[in-house]
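S.K.: model the following, please.
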Amino acid sequence: MTRQARTESTTGIYHAMMLGINHQNIFCEREDFEKFKDCLRKAKEDSGLKIPGYCLMDNHVHIVAIAGKEPIGTSFKRLGIRYASWYNRKYGRQGALFQDRFKSEPIEDDRYMLSVVRYVHLNPVKAGIRKNAREYEWSSYSDYVGKGDGLADTDAVLGIFSKNPAEQIRLFEEYTKEAGDEVFVDIGAVPCITDEAIREKMAGICGAANPGEFQALPTEERERAIRAMRKGGMSIRQIVRNTGVSFGIVRRIDGR
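M.R.: Okay, here's the model as predicted:
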């Protein structure tokens, strides 16, 4: 089947999303989030990429990006390979970490840019893991309110609100709190129970704290753990995300 060509942006600005294969978690520990941010910094250095916004969730990433000196696809391919190589070495796994190539949609005007950045920052709120965007550590929101590490390039967005620096942050925060009804590229429904809680239950059942450790278990032990997780109320998709086992295999084991 021929891949559909990526829609090019006339502005060079995109909303991109990278998803773990089989919806598997791509961040299991704090070090993983930090490493991905390091890879993103390196991508900026290599290609001149600018990042007006990002949010790192357990099994996917949202990034608002402005293309640099190379096509956006090239920059994100390099980013994905760099992080996946490190992740696979750390967790003793092989093969693809991300679901196919990244998804993206073009951003053609300032109004849409603001809507996308707001949506990206509100991902943890939508998922039910934080009450507001300010509380979530792994997004660019902290850069916008002067409490981040400078990874995000905030000037383009803040400049839309006002030329007065004293007004920019206030207007940005007010805008983020407003409800938006736009529809963006996403992975679908996100469960309210956090993956951290799921991992704690999984560790209690079989001792594995991440997908790499789970997949290193003997086959019979993995199957017993999957059946126990299902009896404990975990959905098939939650198990898939936290173990790296494919949806079809989990469903087959569950049906025995």
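S.K.: what are the ranges of the strands in the protein?
M.R.: Assigned by DSSP state E, the strands in the chain fall at 13-19, 50-56, 60-66, 103-107.
S.K.: just name the most buried of those strands.
M.R.: Mean neighbour count (mean count of other Cβ atoms under 10 Å) peaks for strand 60-66 among these, with a mean of 25. Backbone N, C-alpha and C define where each C-beta goes, glycine included.
S.K.: other SSEs contacting that one?
M.R.: Judged by 3 or more Cβ pairs under 8 Å, 6 or more residues apart in numbering; DSSP states H and E, strand 60-66 is in contact with strand 13-19, strand 50-56, helix 72-91, helix 110-121.
S.K.: now for the last one, which elements pack on it?
M.R.: Contacting helix 110-121 under the criterion 3+ Cβ pairs under 8 Å, 6+ apart are the following elements: strand 13-19, strand 50-56, strand 60-66, helix 155-161, helix 165-177.
S.K.: try 7 Å this time
M.R.: strand 50-56, strand 60-66, helix 155-161, helix 165-177 (3 or more Cβ pairs under 7 Å, 6 or more residues apart in numbering; DSSP states H and E).
S.K.: which residues sit against the second one?
M.R.: Strand 60-66 has contacts (Cβ atoms under 7 Å, 6 or more residues apart in numbering) with 12-20, 49-55, 72, 116-117, 120, 123, 187.
S.K.: so that strand versus strand 103-107, what angle?
M.R.: Put simply, strand 60-66 runs at 30 degrees to strand 103-107, going by axes from the mean of the first three to the mean of the last three Cα atoms, to 10 degrees.
S.K.: which one, of the helices and strands packed on helix 110-121, ends up nearest to Phe214?
M.R.: strand 60-66 (19.3 Å; Cβ to Cβ).
S.K.: save the strands of the chain as TSV, and put in mean pLDDT and distance to Gly207 too.
M.R.: Converted to TSV, those look like this (pLDDT from 0 to 100; distance: least, Cβ to Cβ, whole Å):
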stretch	mean pLDDT	distance to Gly207
strand 13-19	93	27
strand 50-56	97	26
strand 60-66	96	26
strand 103-107	89	35
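S.K.: out of those, which comes closest to Lys147?
M.R.: The minimum distance between Lys147 and those falls on strand 50-56, with 15.3 Å, by Cβ to Cβ.
S.K.: CA-only coordinates of that closest one in PDB, if you can.
M.R.: Extracted in PDB, the C-alpha atoms of strand 50-56 (Å, rounded to 0.1, in the frame of the first residue of the first chain):
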ATOM      1  CA  LYS A  50      12.600  25.600  16.200                       C
ATOM      2  CA  ILE A  51      10.200  24.200  18.800                       C
ATOM      3  CA  PRO A  52       7.400  26.600  19.800                       C
ATOM      4  CA  GLY A  53       5.700  23.900  21.900                       C
ATOM      5  CA  TYR A  54       5.900  20.300  23.100                       C
ATOM      6  CA  CYS A  55       4.400  17.900  25.500                       C
ATOM      7  CA  LEU A  56       5.800  14.500  26.400                       C
END
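S.K.: output the contacting helices and strands for it.
M.R.: Where contact means 3+ Cβ pairs under 7 Å, 6+ apart, strand 50-56 is packed against helix 30-47, strand 60-66, helix 110-121.
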